Every structure is written in structure tokens, then in C-alpha cells.
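**Q** sharing a model prediction with you, sequence too.
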Protein chains: 2
Amino acid sequence: MELPALITTLRSALESDTVPLLREQLIDVHPADLASALVEFETSDLWTLLTVFPRAEQAKVFGYLPPEEQVNLSIRISRRKLAPIIRQMPPDERAALFHRLSDEQRETLLPALAQAEREDLLRLTAHEQGTAGSIMTSDYAILATDLTVAQSLESLRREAPDKETIYFAYVVDHHRKLIGVVSLRDLILAPVSMPIIELMNQDPICASVDMPQEEVAALIAKYDLLALPIINNQEQMVGIVTYDDAMDVAEEEATEDFHKNATIGKLESSVKDASIMLLYRKRVLWLVILVFGNIFSGAGIAYFEGTISAHLALLFFLPLLIGSSGNAGAQSGTLMVRALATGDIKMRDWGALLGKECLVAGLLGFTMAAAVVGLGWWRGGYDIAIVVAITMMFVVMVGSLIGLSLPFLLSRFNLDPATASGPLITSIADVAGVVLYFSIATWYLGL
Amino acid sequence: MELPALITTLRSALESDTVPLLREQLIDVHPADLASALVEFETSDLWTLLTVFPRAEQAKVFGYLPPEEQVNLSIRISRRKLAPIIRQMPPDERAALFHRLSDEQRETLLPALAQAEREDLLRLTAHEQGTAGSIMTSDYAILATDLTVAQSLESLRREAPDKETIYFAYVVDHHRKLIGVVSLRDLILAPVSMPIIELMNQDPICASVDMPQEEVAALIAKYDLLALPIINNQEQMVGIVTYDDAMDVAEEEATEDFHKNATIGKLESSVKDASIMLLYRKRVLWLVILVFGNIFSGAGIAYFEGTISAHLALLFFLPLLIGSSGNAGAQSGTLMVRALATGDIKMRDWGALLGKECLVAGLLGFTMAAAVVGLGWWRGGYDIAIVVAITMMFVVMVGSLIGLSLPFLLSRFNLDPATASGPLITSIADVAGVVLYFSIATWYLGL
């Protein structure tokens, strides 16, 4: 059912008091679609509509609601009503919700959970945000080392309803140390009496609980994994991160880099839902910092006031030259930032790329100089044309090299290179452009 | 084994003529790691090292090699030697390779494949690049409608070695029309005598072969699917797209948007491998276009030469004011471009966002004006301070509104909004900044 039709169905059920009928009517609708439709309703109506479904379905739909809406419901719906849903949520989603609640709100909800769930939740939420530990789930299938294939299959069958995935099972010793991984595919193909220890892959790819979440996502993408086992520093298995969570992380990281590229702070919620003050705060700091960067360009111009007042025609080319410097810088900076983020290039590639960039920037600078030399002649005569063409060659090259180097420099000092390109590079390239332009003009025009 | 150690092992095997021993020695190394190590070698050594492994392993490693390296090997290795590897590749990877070969190269390789593989390959490569059809694989498991759970499991067990995934199987009627999907998890939990038709989900999420690949990736991410069935316009099932291919598409699309944001054309290969002329071509067009955009700023300045020569102090603030306009524009443009790309906002949200952006930009403009008013006083006195503060308020607001509107406008005309932000918005905001600044100055200073 398309989203508008679904919303209409829900709305008319509310109006005609036939909400209980929805349970049968919407049995084949995917929980993600139900969640998309439910956010269009007020909290109380949303709750009425949500609770018509079976408990397990409610937890699924709740998990697909936007985080802000989950928090909103957690605050406005009584503990007694909400607890059954929270209890049915997968442990990683439950932990993510708790991370967003205030201490007081957590205190209210915790007693509603069973002892085991409470301990699991506290363990999961203990990990720092942005690490493997903060996105892993504790619902994974483990197998003891002494099982056969038949016993393993029986064990998975028994545990299947409670596990996030049974397509991979992890073989652990009696200290819970991870010693192997086996896929359900291998299990159903293997002879039933084969010992699991012979079938398993003995060198499973795994990650530490402290690994940054973007590296976890990159590992899962690189090795095409369904799930990545997570171990603590005693090599004990403590959770898994599944491919769908890795996809969410990759999208979140790409968005964050994209925003940083325009010097916007990390936005936890969507642009649509973010408050005016939040958007203001995420943008104002860099705008102010960059203003002070531009003061250097202004000072550069002021320093050359003599040259400018002697040749006011030079001003015509100012935006064009500093703009080209900034644009060339933004291009090479963006190429580097994304290539560093995807692991396409490493720090040690800087030298090789520098040589190549010099040649590319030289060609670009030459093309740009050719593109503007006629304009220089027409507006300011022969001398101005020469100054503009020489300056263009230089500023495109200097801008490109700033754009290439800044991301590496930031990486070197463990800062996020994504902050580097866009406005920051443009501002630095602007200063260089102003100084180069008027220095060349002053020298060539003999002032 | 870490990458440098792996490369050393391979190199010393080559030098001491002990390559055949590698087969045993590297049995537990992941094919993705082997591929990363192999690209460090010359083609002939790469081939020597690759062919020491079992056939199936060779095909896996080959699939993990960068596309350029695959093409390079396809051209330089004889058909007789290469064919067995190509035959073992998953159909989607094989089709992707063929898409990159010239017609002549395809003609050379095709006869080496068996009839069925050839037909499958021609079917897969017939789909336009960038659609679901071009990234799907034909190795999926299907089940007939009249099977029981036990028969289905037996069928999957038989087919497992050849299929990309057996964790989901698709139930099709005798016209190959997709009528349901069943997971291996549900199969191993269900009573063995249950008819498959009762167990299956009767309303599977599927996509058409023509759907753009980024929408396919978004569907898989939204519904947390392992694989998405692809149907033709007769509703017949023709393939599946798996989650790992969707992750690759999502990364590729994010990279493309990131690049477009700095007005860089679509780069098929990595920055490291791209030739100098390719990088030049992908960058030069927009640089030249933007130069001509900057001419308008230059013309604006030239128009106000009278005002400028009367108050040269105004020039000090020029970079600062037009820079702020561009930066504010880049920020709001980037927020919109990414939110449109992730489906976070839709075209119809423009009105609501406009109102919010006016308030955010107003606050930002006010803050920025306050930040520079003192500077204006110090450099140019009371009158200049007023002009600079008023201009700052306006340019930040105008820049932000340009940044907000341009991505929507491009979407409206079916152009990619990712081209919108960064340098393009900055150039447009620059012109607006110049004109606003000197107009306000001319008016306020009574010139």
C-alpha cells in the first residue's frame, strides 16, 4: 500500500472508531511503512494506532520510528504501557533509545525491565557513542566447541526466534573466547555427524568493542559480511554488528562528512525536525571563524590600496581570480577528503598525488589563463591582460595545492579531514589569491 | 595477516620460486585481502600468484580486484587461461566486467563461455548502467508453489553451492511470476510438512529492472533486506540485488554527490588510478563556467567604481562580506542537497523549510553583523560600521535563501541537486553580495 493510501486508511479508522479492524486489514504492511505513516499523527493517536497490533509487531514498528519520536513516546506514555514494547525491542535498538533519554527518564523505565534485560542494557549503554560497542547487539547465536553439525542445527533452531541473525553462528570456548564462525549455509551442506570444530572458519574477521563505528562499517563492506563479531580486550565475544546497522552508520558518516565539508556541525536529527536554535548553533561558529579568516584578505587589499587606486581596472578581475583559486582548491580538497574517507588513498600517498596534482593544476591554470586573457585585454589593455593571465596560472595552482594538502595535514594531526574542504579551503585560497594578484600587479606595472 | 606482511610473503615466494607452497600457506587469508596485496604486483607476477589458488578461490580474488585491474588482466591474459575464472565469477560481477570491456574484447571472451552463461551474460548486460538490472545477479534460489517445507529445504540444500544467497528463496508460479518470499530462518522453524505457500510472505517487497540503482539501495536500507527481488514488466522474477551490492552503490552515490558538490564530474576510477588528463577533464568545465559567473561580480564592482574611489576603506570589507554570503549559502545548500539525497526531505517540504530558514538566517545575520560592527568602526568610522552591519545582515540572509532554493529548483527541473551547493552557490551569492554591499554603501553614504 502506498504511503498516502495508508495514512488515509489509518485516519478514517480513527474517525469511524474502527481501529481494532486495522490489525487484520494491515497484516501484510511492512513495519517500516507503518512507522512512516504513524509519524503523521499526534502522539495520542499514534499510540492508539500502534497498540492495535500484536506486541512483537509493535516493537518492530516502534524501532522504525524516528529517534525523536521514540524519545517523545518514552516521555509521554506511562511506564506500564510502554515497558512491554521496550522489552520486545532488539537490544541494540533499545540501547540506542536509552542513550537518547535523560538520566531521570532512564530511571523511570529501567524498573519495568526484567533483571537480565536490565543488565544487558546497562552493559550495552556503557560503551562510548560512536564505537563498535555502542551499535552492537547481544542477540547472536553461539555454539559450543564440542557440538556436531546436527546438534548445532538443533541449537540454532531452538534459539532462532530470539536472535538477530542465525545465518552465522559463533563458536566460543568455555571462557567465551571467539574461536570460529560457521554459516548456516555451510551447516546445511555439511554431513550431519561432522564436528563443528572441523567445519568452522578458524580465523574469523572480528573487531574490538572500541573500534570507531565507521571502521566497523568499512570492514563489513570490504569483506561483504552479514555480521561482524565484536570482542573485548580479553578476546571474549560480546556482540555482533549486523550489515543493516553498518549501512545506517555508513549513511550517517557520509552525511556528516558532507555537512562538515560546508562547515556544519554534527546534526543528530533530520533537517526537517531540527529546531531553529539547533540549526543556528550548528552553523554560527564556523561562519564567525571564517569571517575572521576573510579579514586577512581584506587586510591584503588594504595593503595594496596604492596599486588599486592607480589601476581601478584591477578590481574588475578580483572576484574572478580569487574565485578561481577557491574553486580549484575546493575541487582538489573534495577529491582528497572523500578518497581518505573511503580508504581509497592513505597518508603515505601524499607525495605521489602531489606530483600528479601539480601537473593537473598546471594544465587547469593554463586553460583558465587562456580563458581570461582576452577579457583582460578588453577591460584593461595589454599590461592588465598579462597580469591577469600570470596571476590566474599561479592562483589555480596554489589553490589546488592548498586543497590537496590541507586534508592530509588535518589527518596528520588527527583532525577530521572533512572539515577541510569547501569554505575553509576557499577562505585560505582567497587570502593567497589577493596577495598573489596585487603583488604580481605591483611588480609588473612597476608601482 | 596484515597487508605489508602478506605482500612480503608473496614477494619472497616469487623470488625463491616457492609460489606453489602459497596455496597451503595462505588458506585462511580472505580473498579481499589477497586482492589488496596482489594489486601491488606487475600483471605477469599478479597472474602467477593468482593462479596458484583453487579455481573457485581465483574467481573470488579476481572479483575483489579493482575494476581497472580486471579489465587490464582481461586484455593481457589469453582467453584460454582467463575463461575458467570468468566462468566461476558470480553473474553480476561478470556482467559488470563486460560492461567495462570494448566490443572487440567482449567478442574475444564470449566464445570461451558455455551457452547458458553466454545467454545469461547477454541478458544481464542488456540493462542500462545505473539501473537495478545492471547490478542484479541471476544466481538466486527459487521454489515452486507446490512444495512443502521439507522439499523446499532439500531443494535449497541441492542448489546452495551455486547461489549467491540461500537465506531467502523466492516462490514463483509456472510463468516465473513472483508470488512470495520465504526465509531460511522461517523454513527451519516451520513444521516439515507445511505447504510453502502457507508459510511464505505473500506481499514481498520488490523492484522493477528499470529502477535507478540508488533507489534500489534505499529500499534495501529502508526495509533492512538481505536481498531485493527484481521483476520485469510482466512481473516475472529476473534477478536479485544483494545487500553488499547495495552498500557499494550507496558508497558510490555518496562519493558522486560529494564530488558534484565541488563541481567535479563523475569519476569512474579512484583518484589514485585516474590519469592526469581524466582529472583535468572532470574539473576544467566547471572551473571555466564559474569564471564567467565571477565576471558578474567584477562587473558589479566596476559599476560602483565611483563609490569605491570615494571610500577606499569599503574594499577592506569586500572579501569578508561576500565570503560570508557564500559560506552561509554553502551551509544551507549542503543541508538541503544531502537531505534530498537521503530522502529526508521531499520537494513539497520547500515551503515549510523556507520559513524556518528565514528565521535561522536572520539570527545568523544578526550575530555576524554584531561580530563585525566593531571592526567597521575601527577601520572606517561610524558610517562604514553601519553600512557593513546592515550589509552583513542582508548578505547572510540572501546567501542562505539562495543555498536553500537552488537545490529545490534543480530538482524541479530534474537536474541533480548535488551540483548545486559549494562553488555554484558561492558564485551566485558573491554577485548578490557585491551588488548589495555597494548599493547599500552608495545609498547610505549619500553618493
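**A** Noted; the coordinates are in hand. Numbers count the residues shown, from 1 in each chain, chains lettered A, B, ... in the order given.
**Q** I'd like the next helix or strand past whatever helix or strand residue A:405 lives in.
**A** Using DSSP states H and E, residue A:405 maps to helix A:350-412. Downstream of helix A:350-412, the next assigned helix or strand under DSSP H and E is helix A:423-444.
**Q** can you give me the buried ones in that next one?
**A** For helix A:423-444, burial by neighbour count (16 or more other Cβ atoms under 10 Å in any protein chain shown) applies to A:423-442. In this view, the C-beta of every residue, glycine as well, is placed from N, C-alpha and C.
**Q** give me the mean pLDDT for it.
**A** Helix A:423-444 shows a mean pLDDT of 89.
**Q** what's it packed up against?
**A** Other elements packing on helix A:423-444 under the criterion 3 or more Cβ pairs under 8 Å, 6 or more residues apart in numbering or on different chains; DSSP states H and E are helix A:276-303, helix A:305-310, helix A:318-341, helix A:350-412, helix B:318-341.
**Q** quick one: closest of these to residue B:84.
**A** Minimum separation from residue B:84 across the helices and strands packed on helix A:423-444 (Cβ to Cβ) falls at helix A:318-341, 34.4 Å.
**Q** got the angle for the closest one vs helix A:350-412?
**A** 90 degrees (axes from the mean of the first three to the mean of the last three Cα atoms, to 10 degrees).
**Q** does helix A:318-341 reach chain B?
**A** Yes: on the criterion Cβ under 8 Å from any Cβ of the partner chain, helix A:318-341 is in touch with chain B at A:318-320, A:322-324, A:326-328, A:330-331, A:333-339.
**Q** pull the number of nearby residues for the nearest residue to residue A:346 once chain neighbours are set aside.
**A** Spatial nearest neighbour of residue A:346, chain neighbours left out: residue A:340 (8.0 Å); criterion: Cβ to Cβ, 6 or more residues apart in numbering or on different chains. Neighbour count of residue A:340, defined by other Cβ atoms under 10 Å in any protein chain shown: 23.
**Q** repeat for residue A:207
**A** 22.
**Q** who's in contact with it?
**A** For residue A:207, the contacting residues are A:132, A:215, A:216, A:219, A:228, A:229, A:230, A:231, A:241, by Cβ atoms under 8 Å, 6 or more residues apart in numbering or on different chains.
**Q** and stretch A:260-274, how far out from the chain middle?
**A** 11 Å (Cα atoms, centre = their mean, to the nearest Å).
**Q** quick one: which of the contacts of residue A:207 sit in strands?
**A** A:228, A:229, A:230, A:231, A:241 (DSSP state E).
**Q** and the two most separated of the residues you listed?
**A** Maximum pairwise distance among these (Cβ to Cβ): 11.8 Å, between A:231 and A:241.
**Q** of those two, which one has the most company?
**A** Taking other Cβ under 10 Å, residue A:231 and residue A:241 do not tie; residue A:241 has more neighbours (29 against 21).
**Q** partners of that one in the sheet?
**A** residue A:228 (DSSP bridges).
**Q** any low-confidence regions in chain A?
**A** Scanning chain A for pLDDT under 70 picks out A:1, A:420-421, A:447.
**Q** next, name the residue at the spatial heart of it.
**A** Taking Cα atoms, centre = their mean, the centroid of chain A lies closest to residue A:253, which sits 1.4 Å from it.
**Q** contact partners for that one?
**A** Here residue A:253 is in contact with A:213, A:214, A:217, A:341 (Cβ under 8 Å, 6+ apart).
**Q** repeat that with 6 Å
**A** Residue A:253 makes contacts with residue A:214, as judged by Cβ atoms under 6 Å, 6 or more residues apart in numbering or on different chains.
**Q** check residue A:424 too.
**A** Counting by Cβ under 6 Å, 6+ apart, residue A:424 touches no other residue.
**Q** go again with 10 Å.
**A** A:260-263, A:286, A:289-290, A:293, A:329-330, A:333, A:402, A:406, A:410, B:327 (Cβ atoms under 10 Å, 6 or more residues apart in numbering or on different chains).
**Q** do the same with residue A:397
**A** A:325, A:328, A:357, A:358, A:360, A:361, A:362, A:364, A:365, A:366.
**Q** gap between residue A:20 and chain B?
**A** Between residue A:20 and chain B the computed distance is 22 Å (Cβ to the nearest Cβ, to the nearest Å).
**Q** does residue A:237 sit in a helix, a strand or a coil?
**A** Of the three states, residue A:237 takes strand under DSSP: H, G, I helix; E, B strand; the rest coil.
**Q** who's it bridged to?
**A** Bridge pairing for residue A:237 (DSSP bridges) gives the partners residue A:231.
**Q** right, and it touches residue A:172 too?
**A** Yes: counting by Cβ atoms under 10 Å, residue A:237 does reach residue A:172; the two are 5.4 Å apart.
**Q** shared neighbours, these two?
**A** A:142, A:178, A:179, A:229, A:231.
**Q** are any of the residues you listed buried, and if so which?
**A** By 16+ other Cβ under 10 Å, the shared contacts of residue A:237 and residue A:172 give A:178, A:179, A:229, A:231 as buried.
**Q** nearest to chain B: which residue in the stretch 1-150 of chain A?
**A** Per Cβ to the nearest Cβ, residue A:28 is where the stretch 1-150 of chain A lies closest to chain B, at 4.2 Å.
**Q** give the contact list for that residue.
**A** A:1, B:201, B:202, B:203, B:204.
**Q** and stretch A:160-174, end to end?
**A** Start and end residues of stretch A:160-174 are separated by 22 Å (Cα to Cα, to the nearest Å).
**Q** return the distance of it from the chain's centre.
**A** Offset of stretch A:160-174 from its chain centre (Cα atoms, centre = their mean): 28 Å.
**Q** that one near chain B anywhere?
**A** Yes: part of stretch A:160-174 sits near chain B under the criterion Cβ under 10 Å from any Cβ of the partner chain, namely A:160, A:161, A:163, A:165, A:166, A:167.
**Q** buried stuff in that stretch?
**A** Quick answer for stretch A:160-174 (16+ other Cβ under 10 Å): A:160, A:163, A:164, A:165, A:166, A:167, A:168, A:169, A:170, A:171, A:172.
**Q** among those, which are located in strands?
**A** Using DSSP E, those in strands are A:165, A:166, A:167, A:168, A:169, A:170, A:171, A:172.
**Q** so what's residue A:297 closest to, chain neighbours aside?
**A** residue B:319 (3.5 Å).
**Q** and for the one you found, the neighbour number?
**A** Residue B:319: 28 surrounding residues under other Cβ under 10 Å.
**Q** that one contacts residue A:325, correct?
**A** No: assessed by Cβ under 10 Å, residue B:319 is found out of contact with residue A:325, at 11.9 Å.
**Q** shared neighbours, these two?
**A** A:430, A:431, A:433, A:434.
**Q** measure the third one to residue A:409 for me?
**A** Same thing as residue A:433. Separation of residue A:433 from residue A:409 (Cβ to Cβ, to the nearest Å): 20 Å.
**Q** relative to residue A:65, which of the buried ones among the shared contacts of residue A:237 and residue A:172 is nearest.
**A** residue A:229 (28.9 Å).
**Q** quick one: contacts for the closest one?
**A** Neighbouring residues of residue A:229 by Cβ under 10 Å, 6+ apart: A:136, A:140, A:142, A:168, A:170, A:172, A:178, A:181, A:204-207, A:237-241.
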